[in-house]
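Trainee: any chance you can model this:
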Amino acid sequence: MGEQVDNCWSIIGVWSKGDEKCPRLEDVLHCRNCEVYSSAGRSLLTRAIPEDYQESWTVLLAREEVNKSNDSLSIVVFRLGDEWLGLPTMIVKEISEIRPVHGIPNSKSAVVKGLVNVRGELKLWVSMGTLLSVDKGENYNFTELRKSFLERLVIIEKDGDQFVFPVSEIIGTHRIWKDSIRDVPATAANSMYSHLAGLFELDGRHVGVLDQELLLNSLRRTLV
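Mentor: From the prediction side, this is the model:
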(Lines give C-alpha, C1' and ligand atoms only; values in the text may rest on other atoms or scores of the structure.)
Protein backbone atom coordinates (compact mmCIF):
# COMPACT_ATOMS: atom_id res chain seq x y z
CA MET A 1 0.00 0.00 0.00
CA GLY A 2 1.24 3.53 -0.78
CA GLU A 3 1.70 6.29 1.74
CA GLN A 4 -1.60 7.77 2.91
CA VAL A 5 -2.11 11.47 2.16
CA ASP A 6 -3.96 13.72 4.57
CA ASN A 7 -6.54 15.26 2.23
CA CYS A 8 -7.80 17.82 4.70
CA TRP A 9 -8.69 20.17 1.81
CA SER A 10 -11.64 17.96 0.92
CA ILE A 11 -12.70 17.43 4.54
CA ILE A 12 -12.43 20.90 6.10
CA GLY A 13 -10.97 22.92 3.21
CA VAL A 14 -12.45 24.88 0.31
CA TRP A 15 -13.64 21.71 -1.42
CA SER A 16 -15.48 20.46 1.66
CA LYS A 17 -19.25 20.33 1.63
CA GLY A 18 -19.45 20.26 5.40
CA ASP A 19 -19.93 23.14 7.81
CA GLU A 20 -16.60 22.69 9.62
CA LYS A 21 -13.82 24.75 8.04
CA CYS A 22 -10.06 24.82 8.63
CA PRO A 23 -8.96 27.77 10.80
CA ARG A 24 -5.97 28.34 8.48
CA LEU A 25 -8.29 29.52 5.71
CA GLU A 26 -8.62 32.89 7.45
CA ASP A 27 -4.93 33.52 6.75
CA VAL A 28 -4.24 31.65 3.48
CA LEU A 29 -7.70 32.25 1.89
CA HIS A 30 -7.41 29.10 -0.30
CA CYS A 31 -6.02 25.61 0.22
CA ARG A 32 -3.68 26.08 -2.75
CA ASN A 33 -1.81 28.67 -0.67
CA CYS A 34 -1.40 26.34 2.32
CA GLU A 35 1.89 24.50 3.00
CA VAL A 36 -0.04 21.32 3.90
CA TYR A 37 -1.57 21.20 0.41
CA SER A 38 1.77 21.95 -1.26
CA SER A 39 3.59 19.35 0.82
CA ALA A 40 1.00 16.69 -0.10
CA GLY A 41 1.46 17.46 -3.78
CA ARG A 42 5.25 17.13 -3.51
CA SER A 43 4.94 13.82 -1.68
CA LEU A 44 2.76 12.38 -4.48
CA LEU A 45 5.31 13.39 -7.12
CA THR A 46 8.32 12.05 -5.24
CA ARG A 47 6.88 8.84 -3.82
CA ALA A 48 8.45 5.52 -4.83
CA ILE A 49 7.02 3.64 -7.82
CA PRO A 50 5.32 0.35 -6.80
CA GLU A 51 7.34 -2.75 -7.65
CA ASP A 52 4.73 -4.12 -10.05
CA TYR A 53 3.98 -0.75 -11.72
CA GLN A 54 6.01 -1.29 -14.91
CA GLU A 55 4.96 -4.92 -15.28
CA SER A 56 1.26 -4.05 -14.84
CA TRP A 57 1.33 -1.34 -17.49
CA THR A 58 3.33 -3.53 -19.88
CA VAL A 59 0.69 -6.25 -19.66
CA LEU A 60 -2.16 -3.75 -19.98
CA LEU A 61 -0.76 -1.96 -23.03
CA ALA A 62 0.12 -5.22 -24.73
CA ARG A 63 -3.41 -6.52 -24.20
CA GLU A 64 -4.99 -3.34 -25.59
CA GLU A 65 -2.80 -3.48 -28.69
CA VAL A 66 -3.79 -7.08 -29.32
CA ASN A 67 -7.46 -6.20 -28.91
CA LYS A 68 -7.21 -3.28 -31.32
CA SER A 69 -5.39 -5.21 -34.00
CA ASN A 70 -7.37 -8.44 -33.77
CA ASP A 71 -10.88 -7.33 -32.94
CA SER A 72 -11.42 -4.14 -34.95
CA LEU A 73 -10.68 -2.48 -38.27
CA SER A 74 -10.02 1.15 -39.15
CA ILE A 75 -12.21 2.03 -42.13
CA VAL A 76 -12.48 5.17 -44.29
CA VAL A 77 -16.18 5.52 -45.14
CA PHE A 78 -17.36 7.33 -48.26
CA ARG A 79 -20.38 7.63 -50.55
CA LEU A 80 -20.27 6.63 -54.20
CA GLY A 81 -23.53 7.70 -55.82
CA ASP A 82 -26.20 6.23 -53.54
CA GLU A 83 -23.90 3.56 -52.08
CA TRP A 84 -21.93 3.82 -48.84
CA LEU A 85 -18.60 2.00 -49.01
CA GLY A 86 -15.48 1.65 -46.90
CA LEU A 87 -11.79 0.89 -47.44
CA PRO A 88 -9.16 -0.12 -44.88
CA THR A 89 -7.35 3.00 -43.72
CA MET A 90 -3.96 1.38 -44.35
CA ILE A 91 -4.30 1.65 -48.15
CA VAL A 92 -5.75 5.19 -48.20
CA LYS A 93 -2.76 7.42 -48.77
CA GLU A 94 -4.54 10.75 -49.02
CA ILE A 95 -7.91 12.48 -49.38
CA SER A 96 -7.78 15.59 -51.53
CA GLU A 97 -9.88 18.25 -53.20
CA ILE A 98 -11.26 17.52 -56.67
CA ARG A 99 -8.70 18.39 -59.37
CA PRO A 100 -8.85 18.65 -63.18
CA VAL A 101 -8.43 15.36 -65.02
CA HIS A 102 -6.42 15.15 -68.23
CA GLY A 103 -7.43 12.54 -70.77
CA ILE A 104 -5.06 9.88 -72.12
CA PRO A 105 -4.96 9.78 -75.95
CA ASN A 106 -6.10 6.50 -77.53
CA SER A 107 -7.12 5.03 -74.14
CA LYS A 108 -9.79 2.37 -74.60
CA SER A 109 -10.39 1.62 -70.91
CA ALA A 110 -13.83 2.53 -69.57
CA VAL A 111 -12.44 2.65 -66.04
CA VAL A 112 -9.23 4.66 -66.57
CA LYS A 113 -10.41 8.21 -67.23
CA GLY A 114 -7.07 10.00 -67.39
CA LEU A 115 -4.30 11.53 -65.31
CA VAL A 116 -4.50 13.97 -62.41
CA ASN A 117 -1.75 16.10 -60.92
CA VAL A 118 -1.44 15.55 -57.16
CA ARG A 119 1.40 17.46 -55.51
CA GLY A 120 3.38 17.57 -58.72
CA GLU A 121 2.95 13.87 -59.53
CA LEU A 122 0.72 12.48 -62.29
CA LYS A 123 -1.51 9.69 -61.05
CA LEU A 124 -4.12 7.50 -62.75
CA TRP A 125 -7.69 8.75 -62.34
CA VAL A 126 -10.11 5.83 -62.36
CA SER A 127 -13.88 5.62 -62.22
CA MET A 128 -14.83 3.48 -59.25
CA GLY A 129 -18.47 3.85 -60.23
CA THR A 130 -17.80 2.24 -63.61
CA LEU A 131 -15.71 -0.56 -62.09
CA LEU A 132 -18.32 -1.40 -59.46
CA SER A 133 -21.38 -0.68 -61.65
CA VAL A 134 -22.56 2.08 -59.30
CA ASP A 135 -24.43 4.94 -60.97
CA LYS A 136 -24.31 8.58 -59.91
CA GLY A 137 -27.31 8.13 -57.64
CA GLU A 138 -30.83 9.49 -57.40
CA ASN A 139 -31.39 9.83 -53.66
CA TYR A 140 -29.08 12.80 -53.18
CA ASN A 141 -30.50 15.65 -55.22
CA PHE A 142 -27.96 18.27 -54.18
CA THR A 143 -27.31 21.45 -56.12
CA GLU A 144 -24.15 21.57 -58.19
CA LEU A 145 -22.59 23.87 -55.58
CA ARG A 146 -23.40 21.43 -52.79
CA LYS A 147 -22.04 18.51 -54.84
CA SER A 148 -18.75 20.30 -55.49
CA PHE A 149 -18.45 21.07 -51.77
CA LEU A 150 -18.85 17.41 -50.78
CA GLU A 151 -16.90 15.67 -53.55
CA ARG A 152 -13.38 14.49 -52.79
CA LEU A 153 -10.53 12.54 -54.37
CA VAL A 154 -9.36 9.37 -52.65
CA ILE A 155 -5.80 8.24 -53.34
CA ILE A 156 -5.06 4.60 -52.57
CA GLU A 157 -1.70 2.88 -52.65
CA LYS A 158 -0.46 -0.67 -52.17
CA ASP A 159 2.64 -2.52 -53.35
CA GLY A 160 3.75 0.48 -55.38
CA ASP A 161 0.46 0.88 -57.27
CA GLN A 162 -1.47 4.12 -56.88
CA PHE A 163 -4.97 4.99 -58.07
CA VAL A 164 -7.04 8.13 -57.68
CA PHE A 165 -10.83 8.14 -57.79
CA PRO A 166 -13.54 10.69 -57.01
CA VAL A 167 -16.24 10.03 -54.42
CA SER A 168 -19.50 11.84 -53.75
CA GLU A 169 -18.85 12.37 -50.04
CA ILE A 170 -16.47 11.40 -47.23
CA ILE A 171 -17.68 10.95 -43.65
CA GLY A 172 -14.30 10.07 -42.15
CA THR A 173 -12.41 7.24 -40.51
CA HIS A 174 -14.24 4.85 -38.18
CA ARG A 175 -13.08 1.91 -36.08
CA ILE A 176 -15.39 -1.04 -36.64
CA TRP A 177 -15.59 -4.16 -34.50
CA LYS A 178 -15.02 -7.24 -36.64
CA ASP A 179 -17.95 -9.09 -35.10
CA SER A 180 -20.27 -6.30 -36.34
CA ILE A 181 -19.36 -7.04 -39.97
CA ARG A 182 -21.75 -9.51 -41.57
CA ASP A 183 -21.32 -11.62 -44.67
CA VAL A 184 -22.40 -10.44 -48.11
CA PRO A 185 -25.68 -12.12 -49.17
CA ALA A 186 -25.04 -15.07 -51.46
CA THR A 187 -27.79 -13.83 -53.80
CA ALA A 188 -25.98 -10.52 -54.43
CA ALA A 189 -24.27 -10.93 -57.77
CA ASN A 190 -23.56 -7.47 -59.21
CA SER A 191 -20.05 -6.06 -59.57
CA MET A 192 -20.12 -4.01 -56.38
CA TYR A 193 -21.11 -6.91 -54.14
CA SER A 194 -18.52 -9.18 -55.74
CA HIS A 195 -15.83 -6.75 -54.50
CA LEU A 196 -17.10 -6.63 -50.90
CA ALA A 197 -15.58 -8.39 -47.91
CA GLY A 198 -18.62 -7.71 -45.74
CA LEU A 199 -21.32 -5.26 -44.63
CA PHE A 200 -21.91 -3.25 -41.47
CA GLU A 201 -24.20 -0.49 -40.20
CA LEU A 202 -22.98 2.99 -39.27
CA ASP A 203 -25.42 5.61 -37.95
CA GLY A 204 -28.27 4.05 -39.89
CA ARG A 205 -26.26 3.60 -43.08
CA HIS A 206 -25.56 0.22 -44.67
CA VAL A 207 -21.85 0.27 -45.53
CA GLY A 208 -20.05 -2.23 -47.74
CA VAL A 209 -16.41 -2.97 -46.87
CA LEU A 210 -14.43 -3.27 -50.09
CA ASP A 211 -11.99 -6.16 -50.29
CA GLN A 212 -8.73 -4.33 -50.97
CA GLU A 213 -7.05 -7.22 -52.81
CA LEU A 214 -10.01 -7.87 -55.12
CA LEU A 215 -10.40 -4.16 -55.79
CA LEU A 216 -6.72 -3.58 -56.59
CA ASN A 217 -6.54 -6.68 -58.80
CA SER A 218 -9.54 -5.44 -60.77
CA LEU A 219 -7.98 -2.00 -61.15
CA ARG A 220 -4.68 -3.52 -62.32
CA ARG A 221 -6.50 -5.53 -64.96
CA THR A 222 -7.94 -2.33 -66.44
CA LEU A 223 -4.39 -1.23 -67.28
CA VAL A 224 -3.64 -4.25 -69.46
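Trainee: can you list the buried residues in the helix or strand where Asp27 lies?
Mentor: For Asp27, the element it lies in under DSSP states H and E is helix 25-28. Of all the residues in helix 25-28, those buried under the rule 16 or more other C-beta atoms under 10 Å are Leu25, Val28. Every residue, glycine included, has its C-beta placed from N, CA and C.
Trainee: which residues does stretch 212-224 contact?
Mentor: 87-88, 91, 109, 111-112, 124, 126, 131, 156, 158-159, 161, 163, 194-195, 197 (C-beta atoms under 8 Å, 6 or more residues apart in numbering).
Trainee: the same query, at a cut-off of 10 Å, please.
Mentor: Outside stretch 212-224, the residues that touch it by C-beta atoms under 10 Å, 6 or more residues apart in numbering are 85, 87-88, 90-92, 109-112, 124, 126-128, 130-132, 156-159, 161, 163, 165, 191, 194-197, 210-211.
Trainee: among those, name the ones in helices.
Mentor: Among the contacts of stretch 212-224, the members found in helices (DSSP state H) are Met128, Thr130, Leu131, Leu132, Ser191, Ser194.
Trainee: skip the chain neighbours and tell me the closest residue to the third one.
Mentor: Which is Leu131. Spatial nearest neighbour of Leu131, chain neighbours left out: Val111 (5.0 Å); criterion: C-beta to C-beta, 6 or more residues apart in numbering.
Trainee: what residues are up against that neighbour?
Mentor: By C-beta under 10 Å, 6+ apart, the residues touching Val111 are 124-132, 163, 165, 218-219, 221-223.
Trainee: most widely separated two among those?
Mentor: Spanning the widest gap among the contacts of Val111 are Gly129 and Leu223, at 17.9 Å by C-beta to C-beta.
Trainee: low-confidence ranges, this protein, go.
Mentor: Across the chain, the ranges flagged by pLDDT under 70 are 1-6, 44-50, 53-54, 60-61, 63-70, 137-149, 188-189, 224.
Trainee: center of it - which residue?
Mentor: The centroid of the chain falls nearest to Thr173 when counting by C-alpha atoms, centre = their mean (2.7 Å).
Trainee: and Leu131, how far from Arg221?
Mentor: For Leu131, the distance to Arg221 (C-beta to C-beta, to the nearest Å) stands at 10 Å.
Trainee: what about those two, which has more around it?
Mentor: Set Leu131 next to Arg221 and count neighbours by other C-beta atoms under 10 Å: Leu131 wins out with 21 against 11.
Trainee: how much space between that one and Lys21?
Mentor: Leu131 sits 74 Å away from Lys21 when distances are taken as C-beta to C-beta.
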